[in-house]
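Asker: here you go, sequence then predicted model.
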Protein chains: 2
Amino acid sequence: MESPAKSVRDLGEREIIKIIIEKLGLIHDMPIPFGDDVAAISLNDNRLIIVKADMLVGRTDVPPGMSFRQAARKAIVMSVSDFAAKGVKPLAALVSLGLPSNLTEREVEEIGLGLNDGAKEYGVLIIGGDTNEASDLVIDCIVIGLCEEKKVVKRSGAKPGDILAVTGYFGKTSAGLKILLEGLSPPENVGKPLVESVLLPKARLKEGLILADLGALTASIDSSDGLAWSLHELSDASKVGFIIRSLPIAPEAMLFAEEYNLDPISLSLYGGEEYELVVTVKPEMFEKAKSALKNIGAQLMEIGEVVGERRICVEIDGKRAILERKGWEHFKSTQLSHP
Amino acid sequence: MESPAKSVRDLGEREIIKIIIEKLGLIHDMPIPFGDDVAAISLNDNRLIIVKADMLVGRTDVPPGMSFRQAARKAIVMSVSDFAAKGVKPLAALVSLGLPSNLTEREVEEIGLGLNDGAKEYGVLIIGGDTNEASDLVIDCIVIGLCEEKKVVKRSGAKPGDILAVTGYFGKTSAGLKILLEGLSPPENVGKPLVESVLLPKARLKEGLILADLGALTASIDSSDGLAWSLHELSDASKVGFIIRSLPIAPEAMLFAEEYNLDPISLSLYGGEEYELVVTVKPEMFEKAKSALKNIGAQLMEIGEVVGERRICVEIDGKRAILERKGWEHFKSTQLSHP
């Protein structure tokens, strides 16, 4: 008996990408391999054109409580964050829109304002786009930049002995998303920063540019699919493993976890839409990198180290565990549903 | 009394773009003005990075009878056609996908095959993309190229006295779309090429590259929104008018019009998704340009001339009329509806 045909929901994003790439045939000698945070075209003068497309879809990427203006801004942040991870300055953007036909003029204006918010915040010039009718709100933001080939930080350069570090605390977006989706009401001092982390995410662009300029990084990725997921991606691309000895959990996420009897470690590892950078740093450059970020009011926090054995081990408070992938994957995750 | 809030459907694509651009603030000194077929970023060495995003949405761009493979191929053709109009060779593409969750594995494969068809056909390397869940099928195809700044053919260079020309016959896609949408059954020798023009559109890339290389063109656009619409866009951008003295209507469209008692001139002027180039040619270079295209089995057909007075006049068979805009505009056009 034939097994029933699999649908997109059964397959999950990784499998879908695999199926499509197989049909595209082999691609040789790409300056940045397929599947890294950004794609590149060589200019043959040691420079690369860097491009990234990231599509925001209303039903999966816009939680209840997020305005059109915030959604449009977030679409820019999503693509800029990938540039941050690679240490490349974004220059310009195209925006392809799919708009439901019942959207009002005021809502269209809000989308324009939100795109402008994001573009101004990260110094990106919007140079074109496309407008269409669609059932969902769709904002596909395509960012373009230029950089020296040797400066791009890929996912694949981590080496045993490198320091594993991140640019911020984790757990806020998974807590914030829970508040919005389940209509929870934690105390305001806890709830406000958590909800804000979802509605007004920030890309770590300044951090990424400084770290790449210093030449301090061996590999880098953003944590938009969750910290655990990002670590697995780095591990696969670099063919290394990690030992994690501390997890920077946001204090607000800790308080939230306590209030609702949740595991703060899960909140911080298996969130998503959290745009911190997850990087591996040359040990001899770590202090320099850390103080360079401190000088701009940012931070670089050591969470562990790169090891040769290809598994990801968490060793915290005397407990040891192997870190599983999981994390946010489109099609297989719980859908955001507006109440 | 306040008038009721306008929705996206009332506004139409042009108005929506205007509202959004207003919110983005002023953009100075763009190498190619906002609203041309492609956008550009200067490399400051007389070269431009050229980019174009064109979004295919199932419910508006995929008529009944079009397979997933054909739809994916068409998404590539749509963007490549804009490169053809500007005389720029496309190098690489990103593809952002929105996929309905009930799509089968086989349909995902078909999309991969169709993207590969289009990419191979026009020599484009697919270097990345993004995959999401969406209610409609969404294929946003972003094409990237490089060119010398002085070689790009804008919409704005037409001058009185230039020859107005096109690269092929018109009317096939509007007839073909009518067959698919209304389930008509014209004789096969008439129906087959008409339906094929819709299901397997071709971008005039070789033609556009040769014409630009010769330096023969003063302005250019593709006819993806219909011939009348394209002429109005050229007229607005170049601040000129046109006199049209002949309309190259496809013989199959003529036969179809006769069979179903339709006006063949309307079919040819107000179609859409017809990827011919509409160009203005320096008079002294017209014969050279025409024979260069003839040499590759293509054609360049004179249809009229550029005039100083800003209106578009059709003078055919002793009749004279002013050509109105209209043509295909998303949101305001009749929706494609699958029976």
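Answerer: Received the coordinates, thanks. Fair warning: this is a prediction, and the values are worked out from it, not measured in the lab.
Asker: could you measure from the nearest residue to residue A:239 once chain neighbours are set aside over to residue B:147?
Answerer: Once flanking residues are discounted, residue A:239 sits nearest to residue A:310: 6.5 Å by Cβ to Cβ, 6 or more residues apart in numbering or on different chains. In short, each C-beta sits where N, CA and C put it, glycine included. As judged by Cβ to Cβ, to the nearest Å, residue A:310 and residue B:147 stand 44 Å apart.
Asker: hang on, the earlier thing: list the contacts of the residue nearest to residue A:239.
Answerer: Residues near residue A:310 by Cβ atoms under 8 Å, 6 or more residues apart in numbering or on different chains: A:235, A:239, A:240, A:241.
Asker: what are the buried residues along the helix or strand harbouring residue A:121?
Answerer: In the assignment (DSSP states H and E), residue A:121 maps to helix A:105-122. Within helix A:105-122, the residues that count as buried by 16 or more other Cβ atoms under 10 Å in any protein chain shown are A:105, A:107-119, A:122.
Asker: then stretch A:33-41?
Answerer: Result for stretch A:33-41 [16+ other Cβ under 10 Å]: buried residues A:36, A:37, A:38, A:39, A:40, A:41.
Asker: distance check, residue A:201 against residue A:141.
Answerer: 13 Å.
Asker: the more surrounded of these two?
Answerer: residue A:141 (31 against 20; other Cβ atoms under 10 Å in any protein chain shown).
Asker: for that one, give its distance to residue A:83.
Answerer: In this view, residue A:141 and residue A:83 are 11 Å apart by Cβ to Cβ.
Asker: how about the contacts made by the spatially most central residue of chain A?
Answerer: Most central in chain A under Cα atoms, centre = their mean is residue A:224, positioned 2.3 Å from the mean C-alpha point. Neighbouring residues of residue A:224 by Cβ under 8 Å, 6+ apart: A:78, A:81, A:82, A:230, A:272, A:273, A:274, A:275, A:328.
Asker: try it again at 6 Å.
Answerer: For residue A:224, the contact set (Cβ atoms under 6 Å, 6 or more residues apart in numbering or on different chains) comprises residue A:275.
Asker: show me where chain A has strands.
Answerer: In chain A, the strands defined using DSSP state E lie at A:39-42, A:47-57, A:90-99, A:125-133, A:138-148, A:163-166, A:217-222, A:241-244, A:277-281, A:301-307, A:312-316, A:319-322.
Asker: just the mean pLDDT for the second one, thanks.
Answerer: Averaging pLDDT along strand A:47-57 yields 97.
Asker: which residues touch that strand?
Answerer: Strand A:47-57 is contacted by residues A:31, A:38-42, A:75, A:78-79, A:82, A:88, A:136, A:138-145, A:147-149, B:49, B:94, B:96, B:98, B:130, B:132, B:134, B:142 when judged by Cβ under 6 Å, 6+ apart.
Asker: related to what we said a few turns ago, most neighbours among the contacts of residue A:310, which one?
Answerer: In the contacts of residue A:310, the most neighbours by other Cβ under 10 Å go to residue A:240, 27 neighbours.
Asker: test my guess that that residue contacts residue A:156.
Answerer: No - when contacts are counted by Cβ atoms under 6 Å, residue A:240 is not listed as touching residue A:156 (9.7 Å).
Asker: residue A:306 and chain B: what is the separation?
Answerer: Noted for residue A:306: a distance of 26 Å to chain B, by Cβ to the nearest Cβ, to the nearest Å.
Asker: burial of the closest residue to that residue other than its chain neighbours, as a residue count?
Answerer: Residue nearest to residue A:306 in three dimensions, not counting chain neighbours: residue A:162, with 4.2 Å by Cβ to Cβ, 6+ apart. Using other Cβ under 10 Å, residue A:162 has 24 other residues around it.
Asker: check residue A:261 too.
Answerer: Residue A:261 has 6 nearby residues by other Cβ under 10 Å.
Asker: and the pLDDT at it?
Answerer: 96.
Asker: next: residue A:156.
Answerer: Predicted confidence (pLDDT) for residue A:156: 94.
Asker: distance check, it against residue A:32.
Answerer: In this view, residue A:156 and residue A:32 are 9 Å apart by Cβ to Cβ.
Asker: could you do residue A:144 as well?
Answerer: Computed as Cβ to Cβ, the residue A:144 to residue A:32 distance reads 14 Å.
Asker: that older thread, from the contact counts, what lies against the helix holding residue A:121?
Answerer: Here helix A:105-122 touches helix A:68-86, helix B:13-23, going by 3 or more Cβ pairs under 6 Å, 6 or more residues apart in numbering or on different chains; DSSP states H and E.
Asker: just want the angle from that helix to strand A:125-133.
Answerer: Angle, helix A:105-122 to strand A:125-133, by axes from the mean of the first three to the mean of the last three Cα atoms, to 10 degrees: 150 degrees.
Asker: what average pLDDT does helix A:105-122 get?
Answerer: Regarding helix A:105-122, the rounded mean pLDDT is 97.
Asker: tilt between that helix and strand A:90-99?
Answerer: 160 degrees.
Asker: ok, and the closest non-adjacent residue to residue A:103?
Answerer: residue B:8 (4.4 Å).
Asker: can you read off the pLDDT for that neighbour?
Answerer: For residue B:8, pLDDT reads 88.
Asker: now the helices: where do they sit in the stretch 151-300 of chain A?
Answerer: Along the stretch 151-300 of chain A, the stretches classed as helices by DSSP state H, counting those that start in this stretch are A:172-182, A:188-199, A:205-214, A:227-238, A:251-260, A:264-269, A:286-295.
Asker: of all the ones you listed, which one is nearest chain B?
Answerer: Shortest distance between chain B and the helices of the stretch 151-300 of chain A, using Cβ to the nearest Cβ, is found for helix A:227-238: 14.6 Å.
Asker: which strands or helices does that closest one pack on?
Answerer: Contacts defined by 3+ Cβ pairs under 6 Å, 6+ apart place helix A:227-238 against strand A:217-222.
Asker: can you list the domains in chain A?
Answerer: Dividing chain A into domains by automatic domain parsing, as the record does, gives the ranges A:36-151, A:163-322.
Asker: starting at the chain centroid, how far to the longest one?
Answerer: To tie it back to what came earlier, the one meant is domain A:163-322. Distance of domain A:163-322 from the chain centroid (Cα atoms, centre = their mean, to the nearest Å) equals 11 Å.
Asker: in chain A, where is pLDDT below threshold?
Answerer: Chain A contains residues with pLDDT under 70 at A:1-4, A:26-28, A:327-339.
Asker: what angle do the helix holding residue A:121 and strand A:138-148 make?
Answerer: Counting by the same axes, to 10 degrees, helix A:105-122 points 20 degrees away from the direction of strand A:138-148.
Asker: who's in contact with helix A:105-122?
Answerer: Identification of contacts with helix A:105-122 by Cβ under 6 Å, 6+ apart yields A:68-69, A:72-73, A:76-77, A:80, A:95, A:126, A:205, B:6, B:16, B:19-20, B:23-24.
Asker: ok, stretch A:169-176 next?
Answerer: The list of residues contacting stretch A:169-176 from outside it, by Cβ under 6 Å, 6+ apart, reads A:194-195, A:197-198, A:227, A:248-250, A:253, A:256, A:267-268, A:271, A:273-274.
Asker: what's the PyMOL line that selects buried ones from the contacts of helix A:105-122?
Answerer: Buried subset of those, written as a PyMOL selection, criterion 16+ other Cβ under 10 Å:
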select buried, (chain A and resi 68+69+72+73+76+77+80+95+126+205) or (chain B and resi 16+19+20+23+24)
